[in-house]
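> Quick one: sequence and predicted model below, then my questions.
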Amino acid sequence: MTEIGEGRQSMPSEAQGKTKAKKRYLRRKKERRKHKKAATSKGDKNVKVAESSNVTDSEEEEEEQDSVVTDSPVVRFEGGEGSQKTSEGVDVHDERPKKRRKVDQSEDAKEATPHEHSPEPLTSEVTDRLKSPLPALPSFPLPIHPNAPSKRDLALQGLDPALVHADIVDSSTVLPIADGEEDESTGLTERTRKRLKDLGISELFAVQTALLPFLLPPDVTQRSLYLSYAPPRDVCVSAPTGSGKTLAYVLPIVDILSSRIVTRLRALVVLPTRDLVTQVRETFEAVSKGRGLKIGTATGQHSFTHEQTQLIADGSTRLQGGSSKVDILICTPGRLIDHLNGTPNFSLQHLRFLVIDEADRLLAQTFQGWLAQVLSATRTSHLQSLSAVDGVDRPHHPSPDALSPVSLHLSTEFPEFHTDLDEKKESSCQKLLFSATLTRDPGKIAALELRDPRYFIVKSGAEKADALDVVEKFTIPATLKEQMIVCDSAQKPLMLFYLVYTHNVTNALVFTKSAESTTRLVRLFEFFQSVRQPSEDQGEPRRVVIQSYSSDSPPSERKSLLERFKGKEIHILVASDLISRGIDISHVSHVVSYDVPVDMRKYVHRVGRTARAGRMGEAWTLVEEQEARYFKSMLKVADHLEKVKRLRVSEKDLAPLLPSYELALRQLKEAYSRP
Ligand SMILES: Nc1ncnc2c1ncn2[C@@H]1O[C@H](COP(=O)(O)OP(=O)(O)OP(=O)(O)O)[C@@H](O)[C@H]1O
């Protein structure tokens, strides 16, 4: 309070002081104007006398205030019609312009000159100073906006340089299989080439032509079972679905392992599903027929003990080099870890090949950190942990002859002597990664501890390929025709039935989002078929055999379903994404995504069940109206939107099927409402 009071007391004197100074200033200003007027009046008779000599101080003040108001470039008058009311309700006539008025900026600029604002007339000393150039201030450099990194640069950030410099292979490349003793173009042995011809294969596909010469170099020492002093480079392969990736690794493995004398576990193939394990085993058996190689599988389909007896020759004696009944093991990651941790003498120290097929899928799932465990087991003897596993302190009976070079330094046989055998060797295990949608994720690739990797990317139009294509895009088989049908969700089953009947589909895979919807859709289709009336023009409708294939069915039933589908006993297999990857059924003519795939990878693998090995195929995706935007943007991001054409089906087309469909729907409802 005191301070405020004091402030108020001092105000009048300050105000007076200010008023005097202002008065002085205004007086001088008036004088200046007079002088100016006197100087100009002689030559200019038309000059309007704007400044009366008897203008009062207060009038001058108002003038000053006005000039302050007009300093603002835009003047706005809120009250309409030029009059305003004061807070007390008194009408005040406002003489200012009623509309917005723009003040001329150039006039402002003129007013803002130092002369105008200077309260004192400029002395000659000051004007001299103003005229003389002031020493220039050091100017700061203008800020530079760095260019935003291009999409390409961003995409390449953090990538393995080997991936950026990948070998791009044109998907249309084929190479006839040579006759004669030597084949310099592929490095395949005569025996393997003969076997391929027996299997009806006369030429090699693009991925095979690229990979075989690399894995089977002309220098035979490079084909040894152990390469501790010149360990082989690892390989990553990205090639479209159905392009023959399986043979690209089966052929070199069979050729190299055929030189072995003792059976050891030398090739390990890891796959995400049991069905794929069975399929790859069949390919190995077909190619290696008559070569004496032993092939085993571990998927959990049989009991653990049964699998152990199939894999291990001797589980009772402690063997530093491990023991194996198989040269090649094809397995799922979960079961592999079970054997690594729980099967005595199961060792990966002799591995020459570690194949990870459908690599992006396997790397996306941890399966108890299977990869880290497998990589560690390839580096040193797994034997050390054995007694810990079974809890038995075994008598010490090492057999160093069975040790691989990578494990020789662990030998306890000659502890006193230091020879080059003690030197730690590198593992001879060559990692081979395959997928149609190979991950480019640097983090996931780093986990693989790849050794000087070489990337092969198979795609159409390889000559135009850019590093960005390598990074972001997946290739779809050139022989595949893709279409989407946008429809109401309630119409989807009817739309499927329409497509099946009008296109005479007899070999199709239909993908749904879940095992439950698979079963429901099959039941609806069966009801629909049972109530469908013969048409006037086409007579009795064709009978379509449809079955569901999902994780709900036991493995033995699934196996038999696949066999029947391959044998064309089943026309349509409605499946969850369980078989969207890798499954190779050559005659599949149509793939229907009854439910939209959740991402581009899923889409690529689903549609890739048709148009395999250069055959023609069609893929339809049923898109609910509210999903259309999402689906299209997914395709657009993958630069694939223009490849998927829209197929339009009108109400009129569906009308003939509608009565049977409605009846079938009622039956399905009843079936599901029954307790
Ligand atoms: N050189 C060849 N000549 C003829 N057929 C071949 C050749 N190579 C592979 N095939 C056949 O092509 C089909 C597809 O091969 P494969 O299953 O290896 O494809 P993929 O590239 O692994 O596909 P996906 O990515 O879907 O697993 C198989 O039926 C296979 O027998």
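Yes, it's here.
> When you work out contacts or count neighbours from here on, use the C-alpha atoms and nothing else.
Will do.
> so which helix or strand takes in A230?
Using DSSP states H and E, A230 maps to neither a helix nor a strand.
> list the contacts for it?
Residues near A230 by Cα atoms under 8 Å, 6 or more residues apart in numbering: none.
> And the one 10 residues further on, by the same measure?
Contacts for P240 (Cα under 8 Å, 6+ apart) come out as S435, A436, T437, V458, K459, F474, T475, I476, P477, G608.
> and what of R264?
Applying Cα under 8 Å, 6+ apart to R264 gives the contacts S323, S324, K325, V326, D327, H350.
> looking at it, the third one is touching G315, isn't it?
This means K325. No: checked against Cα atoms under 8 Å, the pair K325 and G315 is beyond contact range at 11.1 Å.
> State the number of residues packed around the residue in the stretch 251-400 of the chain that the ligand sits nearest to.
Of all residues in the stretch 251-400 of the chain, E358 sits closest to the ligand, at 7.2 Å by Cα to the nearest ligand atom. Applying other Cα atoms under 10 Å, we find 23 residues neighbouring E358.
> Which residue comes closest to it once chain neighbours are left out?
Spatial nearest neighbour of E358, excluding adjacent residues (Cα to Cα, 6 or more residues apart in numbering): S435 at 4.7 Å.
> so how far is E181 from the one you found?
When distance is defined by Cα to Cα, to the nearest Å, S435 is 33 Å away from E181.
> And the two? Which one has more around it.
Taking other Cα under 10 Å, S435 and E181 do not tie; S435 has more neighbours (22 against 11).
> returning to what we had before: between K325 and G315, point out the one with more neighbours.
Remark: of K325 and G315, K325 carries more neighbours, 21 against 17, as counted by other Cα under 10 Å.
> Now Y249: which helix or strand?
helix 245-257.
> what mean pLDDT does that helix have?
Mean pLDDT, helix 245-257: 97.
> Then stretch 139-151?
80.
> one step back: from the contacts of R264, which would you call buried?
Neighbour counting with 16 or more other Cα atoms under 10 Å marks S323, S324, K325, V326, D327, H350 as buried within the contacts of R264.
> Contact partners for the last one?
By that I understand H350. R264, L265, R266, T378, S404, S428, C429.
> next one: L641
Counting by Cα under 8 Å, 6+ apart, the residues that L641 touches are K632, S633, L635.
> Let me know the secondary structure of the second one.
Per DSSP: H, G, I helix; E, B strand; the rest coil, the secondary structure class of S633 is helix.
> Check the gap between the residue nearest to it when sequence neighbours are not counted and the ligand for me.
Residue nearest to S633 in three dimensions, not counting chain neighbours: L641, with 7.9 Å by Cα to Cα, 6+ apart. Separation of L641 from the ligand (Cα to the nearest ligand atom, to the nearest Å) stands at 21 Å.
> again, but for Y549
For Y549, the distance to the ligand - Cα to the nearest ligand atom - is 18 Å.
> The stretch 301-450 of the chain against the ligand: which residues are in contact?
S435, A436 (Cα under 6 Å from any ligand atom).
> show me where pLDDT drops low in the stretch 301-450 of the chain?
380-424 (pLDDT under 70).
> what about the strands in it?
In the stretch 301-450 of the chain, the strands defined using DSSP state E, counting those that start in this stretch lie at 328-331, 353-357, 430-435.
> closest to L340 out of these?
strand 328-331 (12.1 Å; Cα to Cα).
> returning to that earlier point: any chance of the contacts of L641 in CSV with neighbour count, distance to S139 and pLDDT as columns?
Shown next, in CSV, are the contacts of L641 (neighbours: other Cα atoms under 10 Å; distance: Cα to Cα, whole Å; pLDDT from 0 to 100):
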residue, neighbour count, distance to S139, pLDDT
K632, 17, 53, 96
S633, 13, 50, 95
L635, 17, 52, 95
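> low pLDDT regions in this protein?
Low-confidence segments of the chain (pLDDT under 70): 1-18, 39-133, 380-424, 462-472, 534-541, 675.
> Distance to I579 added to the buried ones among the contacts of R264, as a markdown table?
Shown next, in a markdown table, are these (distance: Cα to Cα, whole Å):
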| residue | distance to I579 |
| --- | --- |
| S323 | 34 |
| S324 | 31 |
| K325 | 30 |
| V326 | 27 |
| D327 | 28 |
| H350 | 32 |
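> which residue does the stretch 551-675 of the chain bring closest to the ligand?
Counting by Cα to the nearest ligand atom, the stretch 551-675 of the chain gets nearest to the ligand through G582 (3.3 Å).
> That residue is in contact with L276, isn't it?
Yes: assessed by Cα under 8 Å, G582 is found in contact with L276 at 6.5 Å.
> Those two: which has the busier surroundings?
Higher neighbour count among G582 and L276: G582, with 26 against 22, using other Cα under 10 Å.
> residues from this structure in reach of the ligand?
201, 203-205, 240-247, 435-436, 581-582, 584, 586, 608, 612-613.
> Show me just the buried residues among these.
203-205, 240-247, 435-436, 581-582, 584, 608, 612-613.
> can you name the two of the buried ones among the contacts of R264 that are farthest apart?
Farthest apart among the buried ones among the contacts of R264 - using Cα to Cα - are K325 and H350, which lie 13.1 Å from each other.
> what do these two both touch?
Joint contacts of K325 and H350 (Cα under 8 Å, 6+ apart) are R264, L265.
> if we can go back for a sec, tell me who's in contact with the residue of the stretch 551-675 of the chain closest to the ligand.
With contacts defined as Cα under 8 Å, 6+ apart, G582 is in contact with T241, L276, E358, H605, R609.
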